[in-house]
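Enquirer: sharing a sequence plus its predicted fold:
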Amino acid sequence: MLTQTTTRVLEPADLGAALAVLESAPVENAFVTARVQAAGLDPWRLGGEMWGWYTDGRLRSLCYSGANLVPICATPEAVRAFADRARRAGRRCSSIVGPAEPTAQLWRLLQPGWGPARDVRSHQPLMVTDQPSTTVRPDPLVRRVRKDEMEVIMPACVAMFTEEVGISPMAGDGGLLYQARVAELVGSGRSFARVEDGKVVFKAEIGAATPQACQIQGVWVAPEHRGKGLSETGMAAVLRYALADVAPVASLYVNDYNTPARAAYRRVGFREVGAFMSVLF
């Protein structure tokens, strides 16, 4: 029995306790919860380690350490313990992302050794809804991307990623991992687009999905079609699919400086309930 505060790498036998922590905040934890539900806690299948913070023998907080470093339901004491472990291991992630307050604390502790970051997005509103839009008519031309349309959707995905993150997903391994992720979303029916004359006009994906909540990501409108309201009607269409077929709650997070996007999502029916933070390396 653990009687003091401690942190350790979780093992497959800890799955039930880890899911209990994750599911205590189903919307903000959707990304990591979906991974754990699909892969368990084996590091090879999960794509990283799950660190657990215990108080008096009870698992209280988590931190996913893989391509992203993600504090989960993390108390200030847990964040300090996770930062100590991360410093000892050295930086292996491409970003730190999670709820704004613990992520900011984690970055303050890691910045002296890990900085500078390429970009810090300190306030990214988390928006949710559990109802289809009552004010915006869904675009009837937005549909699921077919498996034989990878060559159609990939240029739009690369353009969105490069525009949002600031680097191309095709760098490094030639885009193999990114293409595999896009193919996974297309194959699972969670990639949506409006295609005209063989080119994507609007696209978005349901990136993370659990029985409790799903997360919409990768919202993009071709530059020549911006300003026409396609992000609103397109999002209304994706939201309809998400709530009908995937989960009872849909969420997304957006950069606070992207005022037009925030306004568009509010018009569709999303409301702000919190904030995320991202540190990009």
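Expert: Looks like it came in fine.
Enquirer: what residues are up against the residue positioned nearest the centre of the chain?
Expert: For the chain, residue 31 is the residue whose C-alpha lies nearest the centre (Cα atoms, centre = their mean; 5.1 Å). Contacts for residue 31 were tallied using Cβ atoms under 8 Å, 6 or more residues apart in numbering; they are 70, 207, 208, 215. Glycine gets a C-beta too; all of them are placed from N, C-alpha and C.
Enquirer: for the last one, list each beta-bridge partner.
Expert: When you say that, I think you mean residue 215. On the basis of DSSP bridges, residue 215 is bridged to residue 208, residue 251.
Enquirer: give me the neighbour count for it.
Expert: By the measure other Cβ atoms under 10 Å, the count of residues near residue 215 is 25.
Enquirer: residues in contact with it?
Expert: Neighbours of residue 215 in contact, by Cβ under 8 Å, 6+ apart: 30, 31, 206, 207, 208, 209, 250, 251, 252.
Enquirer: closest one to residue 165 out of these, please.
Expert: residue 207 (14.1 Å; Cβ to Cβ).
Enquirer: remind me which residues of the stretch 51-200 of the chain are low pLDDT?
Expert: Of all residues in the stretch 51-200 of the chain, none has pLDDT under 70.
Enquirer: and residue 271, bridged to which residues?
Expert: Beta-bridge partners, per DSSP bridges, of residue 271: residue 128.
Enquirer: so it touches residue 127, yeah?
Expert: Yes: counting by Cβ atoms under 8 Å, residue 271 does reach residue 127; the two are 6.4 Å apart.
Enquirer: those two: which has the busier surroundings?
Expert: Taking neighbours as other Cβ under 10 Å, residue 271 and residue 127 compare with residue 127 leading, 24 against 11.
Enquirer: can you name the residues that contact the closest residue to that one other than its chain neighbours?
Expert: Spatially, and ignoring its direct neighbours in sequence, residue 127 is nearest to residue 270 (3.9 Å; Cβ to Cβ, 6 or more residues apart in numbering). Going by Cβ under 8 Å, 6+ apart, residue 270 touches 127, 128, 129, 252.
Enquirer: what's the neighbour count on the third one?
Expert: The local packing of residue 129 (other Cβ under 10 Å) involves 20 other residues.
Enquirer: got it, and the second one?
Expert: Other residues within reach of residue 128, judged by other Cβ under 10 Å, total 19.
Enquirer: ok, now how distant is it from residue 253?
Expert: Residue 128 sits at a distance of 10 Å from residue 253 (criterion: Cβ to Cβ, to the nearest Å).
Enquirer: residue 157 in helix, strand or coil?
Expert: Assigned by DSSP: H, G, I helix; E, B strand; the rest coil, the conformation of residue 157 is helix.
Enquirer: isn't it up against residue 203?
Expert: Yes: proximity of residue 157 to residue 203 meets the contact threshold set by Cβ under 8 Å, at 7.3 Å.
Enquirer: which residues do the two both contact?
Expert: With Cβ under 8 Å, 6+ apart, residue 157 and residue 203 have common neighbours 218, 220.
Enquirer: the contacts of residue 31: which two are farthest apart?
Expert: 70 and 207, at 13.9 Å, using Cβ to Cβ across those.
Enquirer: which residues of the stretch 1-150 of the chain fall in strands?
Expert: 6-9, 49-55, 58-65, 68-72, 95-99, 119-129, 143-144 (DSSP state E, counting those that start in this stretch).
Enquirer: list the buried ones in the longest one?
Expert: Spelled out, it's strand 119-129. Going by neighbour count (16 or more other Cβ atoms under 10 Å), the buried part of strand 119-129 is 120, 121, 124, 125, 126, 127, 128, 129.
Enquirer: can you report how many residues lie near the residue nearest to the first one when sequence neighbours are not counted?
Expert: Leaving out its chain neighbours, the residue that sits closest to residue 120 by Cβ to Cβ, 6+ apart is residue 279, at 5.3 Å. Applying the criterion other Cβ under 10 Å, we find 26 residues in the vicinity of residue 279.
Enquirer: residue 192 too?
Expert: Counted with other Cβ under 10 Å, residues neighbouring residue 192 total 27.
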